[in-house]
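Peer 1: Need the 3D shape of this:
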Amino acid sequence: MQAEVLVPTLNMEREQWLEHRRRGIGGSDAAAIAGLNPWKSPIEVYLDKIGELPKQEDNEKMYWGRVLEDIVAKEFAKRTGKKVRRRNAILQHLEYEFMLANIDRELVGEKVGLECKTASEYTKDEWKDDKVPEQYILQCQHYMAVTGYQGWWIAALIGGNKFIYKYIERDEEIINYLIQIETEFWRMVENKTPPAVDGSKSSTEVLKILYPESEPDTEIVLPAEAEVLIEEYELAAAEEKKAKERKEEAANKLKALLGEYETGRIGDRLVSWKTVRSNRLDSKALKAAHPEIYQEFARESSHRRFSIK
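Peer 2: Sure thing, here's the model as predicted:
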């Protein structure tokens, strides 16, 4: 292994482990920096590294991912006959010290690692026909950049009942690309120069966290670039409106074809227009009839409404 040990992680508390990870770019950060992570944006990674992202609470998905990691690793060893072992350390690239790796397993007697994943049934199509999701390919190539290894296995338990494993070969072109973009990104972290926000859900959520409320009766003069952004927004909104109208027109014509029938079939496609009943609280009626009860259970909430006039 060509990497250095930044810090051993055996028996390390999770909070301490997270703090060490902020000292560089890890494998799960690589795809986000490249704009290929559907759950994390570059601005979110940046804010995490400079310590300005609010603490992320542990959740069920994260918990079970850690629990099932050992099961996935054992199943991989059982199916392939290969021996795997833990690497209880955060590893560091010899030359690019900000490039870190916290690998799941490494194969005994080989310069190869193993990444263990658990995936939802809804993502199964991303794995079929020997495909590996792009964000995980970049993660494994990042690990190979740090360790110097020549290959990486990725094993995944999909939907809790389908197990697959695939081999990813070292790709110098991808590795050189990662080194370039991660170097540029880390320079932004060191200089406290944030990357641009994008249209991802992650960026939207980060902006909500950073600026939860507006200062009443305040106004600024926007820079010239705002004119271009307003034009882009209005053009996209107009296109979105037209697309929504086309979608509704097609839906209405299909509903007319169905009439009183609940489902209709054509080829291998099934169209449904089902009756769904549910009970909902009429808050206006409750407030009018029992204002004291309404007031007791009412909870104030706020959000920032965006508009262009």
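
Peer 1: okay, and the helix or strand of this structure with the least pLDDT?
Peer 2: The least trusted helix or strand in the chain, going by mean pLDDT, DSSP states H and E, turns out to be helix 201-210, with a mean of 74.

Peer 1: List the buried residues in it.
Peer 2: For helix 201-210, burial by neighbour count (16 or more other CB atoms under 10 Å) applies to 202, 203, 206. C-beta coordinates here come from the backbone N, C-alpha and C atoms, glycine included.

Peer 1: what about the helices in the stretch 51-200 of the chain?
Peer 2: 60-80, 134-147, 172-190 (DSSP state H, counting those that start in this stretch).

Peer 1: Same list, those helices, but as CSV with mean pLDDT and distance to residue 30 please.
Peer 2: Shown next, in CSV, are these (pLDDT from 0 to 100; distance: least, CB to CB, whole Å):
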stretch, mean pLDDT, distance to residue 30
helix 60-80, 91, 18
helix 134-147, 95, 4
helix 172-190, 95, 6
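
Peer 1: Could you single out the most deeply buried of the ones you listed?
Peer 2: With neighbours taken as mean count of other CB atoms under 10 Å, the helices of the stretch 51-200 of the chain reach their highest mean count in helix 134-147, at a mean of 24.

Peer 1: So what touches that one?
Peer 2: Residues outside helix 134-147 that contact it (CB atoms under 8 Å, 6 or more residues apart in numbering): 1-3, 25-28, 30-32, 34, 36-38, 91-93, 99-101, 103, 111, 113, 115, 117, 149-152, 154, 168, 170-171, 174-175, 178-179, 182.

Peer 1: do stretch 175-195 as well
Peer 2: Outside stretch 175-195, the residues touching it (CB under 8 Å, 6+ apart) are 24-25, 30, 33-34, 42-43, 45-47, 49-50, 96, 98-99, 138, 141-142, 144-145.

Peer 1: Filter the residues you listed down to the buried ones and hand me the PyMOL line.
Peer 2: To isolate the buried subset of the contacts of stretch 175-195 in PyMOL, counting by 16+ other CB under 10 Å, use the following:
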select buried, resi 24+25+30+33+34+42+43+45+46+47+49+96+98+99+138+141+142+144+145
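
Peer 1: just to revisit the earlier point, looking at the helices of the stretch 51-200 of the chain, spot the one closest to residue 291.
Peer 2: Closest to residue 291 of these is helix 60-80 (CB to CB; 38.5 Å).

Peer 1: show me the contacts for the residue positioned nearest the centre of the chain.
Peer 2: Compute the mean C-alpha point of the chain, and by CA atoms, centre = their mean the closest residue is residue 39, 1.7 Å away. For residue 39, the contact set (CB under 8 Å, 6+ apart) comprises 201, 202.

Peer 1: ok, now how distant is it from residue 212?
Peer 2: Per CB to CB, to the nearest Å, residue 39 is found 21 Å from residue 212.

Peer 1: Tell me which helix or strand comes right after the longest helix belonging to the chain.
Peer 2: Using DSSP state H to define each element, the chain has its longest helix at helix 225-258. On the C-terminal side of helix 225-258, the closest following helix or strand by DSSP states H and E is strand 263-266.

Peer 1: Buried residues, that following strand. List them.
Peer 2: Buried-residue list, strand 263-266, by 16+ other CB under 10 Å: empty.

Peer 1: Give me the contacts around that strand.
Peer 2: By CB under 8 Å, 6+ apart, the residues outside strand 263-266 that reach it are 254, 257, 258, 270, 271, 272, 273, 274.

Peer 1: what do you get if the cut-off is 7 Å, keeping everything else the same?
Peer 2: 257, 258, 270, 271, 272 (CB atoms under 7 Å, 6 or more residues apart in numbering).

Peer 1: Also stretch 14-29?
Peer 2: 6-7, 9, 33, 45, 48-49, 51, 90, 98-102, 139, 142-143, 182, 185-186.

Peer 1: before we move on, what about stretch 91-108?
Peer 2: 2-6, 21, 24-27, 69, 73, 82-87, 90, 113-116, 142-143, 145-147, 179, 182-183, 186.

Peer 1: re earlier: could you provide the contacts of strand 263-266 in a markdown table, with additional columns for neighbour count?
Peer 2: Below are these laid out as a markdown table (neighbours: other CB atoms under 10 Å):
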| residue | neighbour count |
| --- | --- |
| 257 | 12 |
| 258 | 14 |
| 270 | 9 |
| 271 | 15 |
| 272 | 11 |
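
Peer 1: which among these gets closest to residue 230?
Peer 2: Closest approach to residue 230 among the contacts of strand 263-266 (CB to CB): residue 271, at 39.2 Å.

Peer 1: chain center to stretch 290-297: distance?
Peer 2: Its chain's average C-alpha position is 40 Å from that of stretch 290-297, according to CA atoms, centre = their mean, to the nearest Å.
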